[in-house]
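J.: Task: produce atomic coordinates for the following.
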Amino acid sequence: MTLSGLLNFIDGLWSCFGEGRIIVFTTNYKERLDPALLRPGRMDMHIFMSFCNPCVFKQLACTYLGVRHHNLFGQIEKLIEEVEVTPAEVAGELMKTTDAEISLPSLFNFLHNKQAK
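T.: Numbers count the residues shown, from 1 in each chain. Predicted structure coming up:
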């Protein structure tokens, strides 16, 4: 595949589907992409998706478990600051059960095991 072929493919998607479509591209190495891929009209919005932080964790806990405070929050937040964990990984752990008394200790163990690696 050539850059020209990729650009033609992307432009073809836009012309085939017209208005109201969202195409999502992801990369871990934006700086390695050719500027032609990043120009306005091809990629109009760039969103940096970082690792999870305590604020995001609290929002996920509220969303998935309906809890705003728990005695494990402090320990979990400390681990989240030390371990590189994505919001998707945290959400995946929180979605396993809606019982906070099971889910939060499970998340704590997950983070602790990840830290040990």
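
J.: Can you tell me the element Ile76 falls in?
T.: According to DSSP states H and E, Ile76 maps onto helix 73-82.

J.: In that helix, which residues are buried?
T.: Phe73, Ile76, Glu77, Leu79, Ile80 (16 or more other CB atoms under 10 Å). Using the backbone N, CA and C atoms, a C-beta is placed for each residue, glycine as well.

J.: do stretch 29-36 as well
T.: Residues of stretch 29-36 classed as buried: none (neighbour count, 16+ other CB under 10 Å).

J.: Quick one: end-to-end length of that stretch, please.
T.: End-to-end distance of stretch 29-36: 15 Å, with CA to CA, to the nearest Å as the criterion.

J.: about what we covered before: with distance to Ile22 and pLDDT as new columns, can the buried residues of helix 73-82 be given to me in JSON lines?
T.: Output for the buried residues of helix 73-82, formatted as JSON lines (distance: CB to CB, whole Å; pLDDT from 0 to 100):
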{"residue": "Phe73", "distance to Ile22": "34", "pLDDT": "98"}
{"residue": "Ile76", "distance to Ile22": "33", "pLDDT": "98"}
{"residue": "Glu77", "distance to Ile22": "33", "pLDDT": "97"}
{"residue": "Leu79", "distance to Ile22": "34", "pLDDT": "97"}
{"residue": "Ile80", "distance to Ile22": "30", "pLDDT": "97"}
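
J.: ok so, going back, how distant is the helix holding Ile76 from the center of its chain?
T.: Centre-to-centre, helix 73-82 and its host chain are 18 Å apart (CA atoms, centre = their mean, to the nearest Å).
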